[in-house]
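*Asks:* here's my sequence, what's the structure:
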Amino acid sequence: MKTNYKLVHLLVLLCAITIFSCKKTDNAAFIPEEKQTVVLTGDITTNTELDSKNNYVLKGRVYVKNNVTLTIPQGVTVVAEASGTPDTKAALIVTSGSKLNINGTLDQPVVFTSGAPSKAAGDWIGIIVLGKASTNGVAGKLNVSGLPVSADTEFGGTTDDDNSGSIKYLRLEYAGGLNPAMETEWALDQASGLSLNGVGSGTVLENVMVKYSNDDAFQFVGGTVNGKYLVAYNNGDDNFDFDRGYRGNLQFLISYRSVPSTVAIRANGMESLNDMDASDAMPYTRPVISNMTIIGPSADQPEADQSQGIYIRRNTRFDVQNSIIAGYSNGGLMLCPKTKPILVNNLGSVFKFNLVNSDDPTRAFTYDNGPTGVIITPDAAVAAWAIESDQSSIEKPSLNRNVIVNQLADLKVKTVYAAGGSPDLTPAEGSAALTGANLEDSDFASFAKVTYRGAVGPSDTWALASAWLDWN
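*Replies:* The predicted structure follows:
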């Protein structure tokens with residue numbers, strides 16, 4: 001057979017041109033792959049890992065169940081479908097026995113936000129993680145407040161070191177869609193923001209920001225989960241809420257509110273209760289906290305706004321030390337008939353080495369006389385007890401050494417309120433927060449040993465604006 005050499009030569013040349021034209025060069029423009037939109041809905045019943053190459057929409061109530069793990073890698077954004085009806089609002093619910101692993105980073109956090117064209121607090125419910133650690137409910141178990149009672153909403157048990165996964169570098173926005181505005185102060189809050197219910201100490205919780213929740217930001221309902229580097233920003237109700245037997249260790253917390261709440265009677269920086277009946281249900285709620293910074297609104301609160309820096313109520317115990325409470329008009333630390341005796345008689349509560357401020361210095365410590373005919377009054381007796389440092393002047397087994405800071409400016413924090421920008425809560429030169437911390441208490445055996453008070457040290461950068469920490 002005669003070979004057509006001209007034809008062969010032409011084919012070789014065409015092939016070479018084709019290969020050359022497909023070869024990637026340094027000057028070639030990169031065209032990113034178009035992201036696919038994946039809808040998360042119904043039940044997740046097999047081990048599932050999301051992909052940062054996709055867009056995700058959370059539709060309705062999504063349950064992670066059957067002891068499986070949902071993993072969300074760095075850089076993933078999940079948009080919750082907004083709804084005006086509580087029954088159809090989106091939520092991610094990790095049932096007892098299942099796990100949630102959120103693997104964000106400082107530069108590539110995992111973000112859960114609203115999908116509404118104009119985002120608003122309460123567009124969706126939030127993330128609810130359920131574990132097997134103990135609560136003070138009947139037989140140690142409870143169901144999620146605000147959701148239908150079922151096996152999928154039950155939590156609690158006897159496994160205090162239970163592991164519900166790992167949550168790192170998460171930002172959660174515009175949640176809190178179950179609670180009505182101006183609900184009765186005496187009702188138990190329904191699930192909102194990041195709700196950790198019966199979650200055990202085997203779970204990792206680090207670097208989480210909750211902003212613009214219509215209700216609470218962080219809810220700790222029973223359980224023993226520990227956490228650090230947690231930030232709550234401009235939420236509608238309590239920024240940190242503890243109840244039903246929570247006993248965990250928390251360090252480096254920021255509760256920040258630049259404006260008064262318009263949706264809650266008492267939008268406290270921190271609130272804690274044992275149960276609705278102020279009973280002796282065991283285990284007692286007792287959060288252990290060091291290095292918290294609580295900042296209240298920049299403007300005076302309206303007369304009807306009863307918000308406090310910290311409100312300890314309904315037979316709860318607590319240990320708060322080495323912290324800053326400031327900026328609230330109504331008060332710094334408020335106790336009630338069921339909690340004041342526990343603190344001043346050393347019956348399980350501790351409040352030491354803190355810097356306490358109120359817009360009115362006489363209200364650094366206040367007293368609430370109970371649910372009927374509520375009258376919040378300055379408590380000079382507790383104030384005197386709190387700042388006591390001379391063992392010989394009063395009989396008690398420990399000294400408290402708190403300091404009442406008369407003016408917010410006296411804290412000497414770099415930027416408390418930043419118009420149109422981000423706060424910088426770093427203590428400046430001469431600030432009392434630079435020294436004075438004491439972590440010798442046995443409650444703090446596992447805590448980082450720092451010498452400063454408040455959430456931010458003089459050389460810390462973790463609370464500055466970043467891809468994760470969005471102060472806008």
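*Asks:* just the helices in the stretch 201-350 of the chain please.
*Replies:* Secondary structure of the stretch 201-350 of the chain by DSSP state H, counting those that start in this stretch: the helices cover 340-344.
*Asks:* and the strands in the stretch 1-150 of the chain, which stretches?
*Replies:* With DSSP state E, counting those that start in this stretch, the ranges of strands along the stretch 1-150 of the chain come out as 36-40, 43-44, 48-49, 54-58, 61-64, 69-73, 77-80, 91-94, 99-103, 110-114, 126-130, 141-143.
*Asks:* and those strands: which comes nearest residue 289?
*Replies:* Among these, the nearest to residue 289 by CB to CB is strand 126-130 (20.0 Å). C-beta: built from backbone N, CA, C; applies to glycine.
*Asks:* host element of residue 167?
*Replies:* Element membership for residue 167, per DSSP states H and E: strand 165-173.
*Asks:* ok, now residue 382?
*Replies:* helix 380-386.
*Asks:* can you list the strands that the next helix or strand after that helix pairs with?
*Replies:* Downstream of helix 380-386, the next assigned helix or strand under DSSP H and E is strand 403-404. Here strand 403-404 is paired, per DSSP bridges, with strand 355-356 (parallel).
*Asks:* contacting residues for the nearest residue to residue 120 once chain neighbours are set aside?
*Replies:* Among residues not flanking residue 120 along the chain, residue 174 sits closest, at 6.3 Å (CB to CB, 6 or more residues apart in numbering). For residue 174, the contacting residues are 80, 113-114, 116, 119-124, 212-214, by CB atoms under 8 Å, 6 or more residues apart in numbering.
*Asks:* among those residues, which two are most distant?
*Replies:* Top of the distance list for these (CB to CB): 116 and 213, 14.6 Å.
*Asks:* of those two, who's got more company?
*Replies:* Neighbour count, other CB atoms under 10 Å: between residue 116 and residue 213, residue 213 has more, with 33 against 16.
*Asks:* okay, the more buried one: pLDDT?
*Replies:* With respect to pLDDT, residue 213 scores 96.
*Asks:* excluding its backbone neighbours, what's nearest it?
*Replies:* Looking at residue 213 with CB to CB, 6+ apart, the closest residue is residue 176, at 3.7 Å.
*Asks:* could you do residue 129 as well?
*Replies:* residue 94 (4.6 Å).
*Asks:* would you mind pulling the contact partners of the helix holding residue 382?
*Replies:* 333, 335, 340, 343-344, 351, 356, 362, 364-365, 367, 394, 400, 402, 404.
*Asks:* got a PyMOL select line for the buried ones in these?
*Replies:* Selecting only the buried entries of the contacts of helix 380-386 in PyMOL, with 16 or more other CB atoms under 10 Å as the criterion:
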select buried, resi 333+335+340+343+344+351+356+364+365+367+400+402+404
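*Asks:* list the beta-bridge partners for the residue lying closest to residue 374 once chain neighbours are set aside.
*Replies:* Leaving aside its sequence neighbours, residue 374 sits nearest to residue 368 (CB to CB, 6+ apart; 6.4 Å). On the basis of DSSP bridges, residue 368 is bridged to residue 376.
*Asks:* residue 368 touches residue 338, doesn't it?
*Replies:* No: between residue 368 and residue 338 there is no contact under CB atoms under 8 Å: 9.9 Å.
*Asks:* mutual contacts of those two, please.
*Replies:* residue 313.
*Asks:* where are the low-confidence patches of the chain?
*Replies:* Low-confidence regions of the chain, defined here as pLDDT under 70, cover residues 1-33, 181-188, 370-373, 390-398.
*Asks:* beta partners of the residue nearest the centre of it?
*Replies:* Geometric centre of the chain, nearest residue: residue 218, 3.6 Å, by CA atoms, centre = their mean. Judged by DSSP bridges, the bridge partners of residue 218 are residue 194, residue 240.
*Asks:* just list the residues touching it, thanks.
*Replies:* 193-194, 196, 208, 210, 230, 232, 239-241.
*Asks:* one step back: what's the closest of the contacts of residue 174 to residue 42?
*Replies:* Nearest to residue 42 among those: residue 80, at 15.0 Å, using CB to CB.
*Asks:* partner residues bridging the closest one?
*Replies:* residue 58, residue 114.
*Asks:* the residue lying closest to residue 162 once chain neighbours are set aside and residue 165, how far apart?
*Replies:* Nearest non-adjacent residue to residue 162, counting by CB to CB, 6+ apart: residue 200, 2.9 Å away. Computed as CB to CB, to the nearest Å, the residue 200 to residue 165 distance reads 11 Å.
*Asks:* then residue 68?
*Replies:* 11 Å.
*Asks:* residues near residue 310, how many?
*Replies:* With neighbours defined by other CB under 10 Å, the count for residue 310 comes to 28.
*Asks:* show me the contacts for it.
*Replies:* Taking CB under 8 Å, 6+ apart, one finds 268-271, 294, 320, 325, 332-334 in contact with residue 310.
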